[in-house]
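>>> next come a sequence and a model predicted from it.
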Amino acid sequence: MGLGVVLAALIALVVVVILIASLLRGGGTGGPGPTLPGRPTAQPADCPDVQVISIPGTWESSATDSPTAPHANRRSLMLQVSGPLQRQYKTGRATVYTVPYVAQFHNPVAVPPDGQVTYAASRKQGTDRAVAEITRVYKHCPLTGFVLMGFSQGATIAGNIASDIGNARGPIPAENVLGVGLVSDSRRVQGEAKAIGPDPEGQGVEILFGGLSLMGVDLQGKRDGAFGTLAARTVSICGSRDPICNEPDRPLNPLNIVGNVTQLASVLTMNSHALYGTTSDWQLGGQTAPRWLLGWARGLIDAAPTPKHN
């Protein structure tokens, strides 16, 4: 083998070594190599430190309501929480978004027909709009902390989203969620969240009637994975006489669909579900449910970190 061939081989070997070393450092001919994903150290100046997502209950919202100045139902239970928060905090510290959705529940055995949108359609619209806003904010503000809260159908929607986030199926990482507050969650299972005040032994109406699907009444049963990593950050309020979240376990006849739906309609219309603004069914230290939830949300906002801004 001639000297020229040996030198050429040595040069080629050196070039290969340099290329390998360059690739291992993240270099290469195509510019900077891939880097491991990580949280940024700052976010845009217009980002809030905390984003509150409030989801009203059935008949407490509308598809055309304002998310920043809701007025579809001025007696909405969630307005007793979101309203004071909006007035107290500057938008740089905390911004409140009230999810506007149809918020209805069609009773399939109502005579005459009630003209309501089905529960399945209402729940989907509320979920889609809440997730869209959470996604929008997170994409622009990756360091913002989120507080999710809701009542009744809104609690079910907020709980479903929290379950997805806590089980790595959601629109944002679990580390971005400061807390989840649920008042009368229809998919409540004792022990899956931190009970506040009374902790009734019953279960949500969607657990008892889980799998029932008829004319838009689509009840989903237990949440897959419960709240996952958000369990310790999720609080649940349930009145002892509210069968939406505290339905006693009783057998259903799988062959009597109409009878089951009639029983469900009775549960939905004849209970203390609308009394959370009073202390007649739920109270803690003399506080109503929205008053307690307001204090809880304030505590989360006050304790939330203040990210750096660009």
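Thanks, I have it. Residues are numbered from 1 along each chain as shown.
>>> now the strands for the stretch 1-150 of the chain?
In the stretch 1-150 of the chain, strands defined by DSSP state E, counting those that start in this stretch lie at 42-43, 50-55, 94-98, 145-151, listed in chain order.
>>> what pairs with the second one, and is each one parallel or antiparallel?
Note on strand 50-55: by DSSP bridges, its sheet partners are strand 94-98 (parallel), strand 145-151 (parallel).
>>> next: the first one.
Strand pairing for strand 42-43, determined by DSSP bridges: strand 308-309 (parallel).
>>> for the partner strand, the distance to its chain's centre please.
26 Å (Cα atoms, centre = their mean, to the nearest Å).
>>> the closest residue to residue 133 other than its chain neighbours: how many residues sit nearby?
Distances taken as Cβ to Cβ, 6 or more residues apart in numbering put residue 97 closest to residue 133, at 5.4 Å, once the chain neighbours are dropped. For the C-beta atoms, the positions are set from N, CA and C on the backbone; glycine is no exception. Neighbour count for residue 97, taken as other Cβ atoms under 10 Å: 20.
>>> list the beta-bridge partners for residue 97.
With DSSP bridges as the rule, residue 97 is bridged to residue 53.
>>> right, and it touches residue 54 too?
Yes - assessed by Cβ atoms under 8 Å, residue 97 is found in contact with residue 54 at 7.0 Å.
>>> for those two, list the residues in contact with both.
Common contact partners of residue 97 and residue 54 (Cβ atoms under 8 Å, 6 or more residues apart in numbering): none.
>>> residues in contact with residue 93?
Residue 93 neighbours (Cβ under 8 Å, 6+ apart): 48-50, 301.
>>> and stretch 66-77, what's buried?
Residues 70, 72-73, 76-77 are the ones in stretch 66-77 that count as buried (16 or more other Cβ atoms under 10 Å).
>>> ok, now stretch 86-103?
So for stretch 86-103, counting by 16+ other Cβ under 10 Å, buried means 86, 89, 94-103.
>>> do stretch 206-216 as well
In stretch 206-216, counting by 16+ other Cβ under 10 Å, buried: 206-210, 212, 216.
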